[in-house]
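Asks: Using only what follows, build the 3D model:
(chains A and B)
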Amino acid sequence: EAGVTQFPSHSVIEKGQTVTLRCDPISGHDNLYWYRRVMGKEIKFLLHFVKESKQDESGMPNNRFLAERTGGTYSTLKVQPAELEDSGVYFCASSQTVNTEAFFGQGTRLTVV
Amino acid sequence: AQRVTQPEKLLSVFKGAPVELKCNYSYSGSPELFWYVQYSRQRLQLLLRHISRESIKGFTADLNKGETSFHLKKPFAQEEDSAMYYCALRALGGYNKLIFGAGTRLAVHP
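Replies: Model prediction:
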């Protein structure tokens, strides 16, 4: 069974540009989560989808970040415009229910220069 | 405020030595505690959770509510245990919203 897949694995962009990260959850998992780890700091929750609906987006840092999950399948996280402090590793995770184990993707390493 | 603290960024031991990765948490209710591990070039994966009270790969962790700790222990470290370890907390009813510590890198030397 395929695990959680994230694209791209690494992205380097200039400040002010736009980047879109994609996450394909495990098939059948209604719950999808985005987290990010900024250099040297803890992994922080960004938001949680249940199917196509945002259950909790309390961790989104500001309105430069937009997450979507059209159709309740894959999700995208767009950063526009990117700033230097957005650099870090963005993780996606999915779970079958809210209480079952969340499986993580490999992460996307975003570098803003 | 909910917080997870892992005081050590790096723990370096020799093969066969005991290991204890420290984790302290701050939470007003009854949390669920987890240990996640990320081996080199692999994804973050669940190692164990306190409600399971099981030993995985020789690791155990006991929730101490009095000391608000959830330290990860292994009596005899192996080289393949070298990885990044994250302690995490989930509030009951927290819909899998995990609060992570900063992580501890465990390096086991031959």
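
Asks: What helix or strand is the residue nearest the centre of chain A located in?
Replies: With distances taken as C-alpha atoms, centre = their mean, A:W34 lies nearest the centre of chain A, 3.6 Å away. Taking DSSP states H and E as the criterion, A:W34 maps to strand A:31-37.

Asks: give me the number of residues near residue 33?
Replies: Because you didn't say which chain, this covers chain A. 27 (other C-beta atoms under 10 Å in any protein chain shown). Backbone N, C-alpha and C define where each C-beta goes, glycine included.

Asks: try chain B instead
Replies: If you count neighbours by other C-beta under 10 Å, B:L33 ends up with 22.

Asks: Check the one 3 residues further on too.
Replies: A count of neighbours around B:Y36, defined by other C-beta under 10 Å, yields 24.

Asks: Tell me the spacing between the residue nearest to it when sequence neighbours are not counted and B:V108.
Replies: Computed as C-beta to C-beta, 6 or more residues apart in numbering or on different chains, the closest residue to B:Y36 that is not its neighbour in sequence is B:Y86, at 4.4 Å. Taking C-beta to C-beta, to the nearest Å as the measure, B:Y86 falls 17 Å from B:V108.

Asks: higher neighbour count, these two?
Replies: For B:Y86 versus B:V108, neighbours defined as other C-beta under 10 Å are more numerous around B:Y86 (25 against 20).

Asks: Would you enumerate the residues in contact with that one?
Replies: A:42-43, B:6, B:35-38, B:44, B:100-101, B:103 (C-beta atoms under 8 Å, 6 or more residues apart in numbering or on different chains).

Asks: Am I right that A:Q17 is in a helix?
Replies: No - in this structure, A:Q17 is coil, not part of a helix, as judged by DSSP: H, G, I helix; E, B strand; the rest coil.

Asks: where does it fall, phi/psi-wise?
Replies: phi -80, psi 170 (degrees, to the nearest 10).

Asks: Okay, it and A:V38: tell me how far apart.
Replies: Taken as C-beta to C-beta, the span from A:Q17 to A:V38 is 19 Å.

Asks: same check, this time on B:V4
Replies: Distance from B:V4 to A:V38, by C-beta to C-beta: 16 Å.

Asks: now A:S95
Replies: A:S95 is 24 Å from A:V38, by C-beta to C-beta.

Asks: who has more neighbours, these two?
Replies: A:S95 (21 against 14).

Asks: check contacts around that one.
Replies: Counting by C-beta under 8 Å, 6+ apart, A:S95 has contacts A:29, A:31, A:33, A:101-103, B:96.

Asks: Pick the one among those closest to A:Q80.
Replies: Distances from A:Q80 to the contacts of A:S95, taken as C-beta to C-beta, are shortest for A:Y33 (21.1 Å).

Asks: didn't the closest one look like it was pressed against A:V98?
Replies: No - with contact defined as C-beta atoms under 8 Å, A:Y33 does not count as touching A:V98 (10.1 Å).
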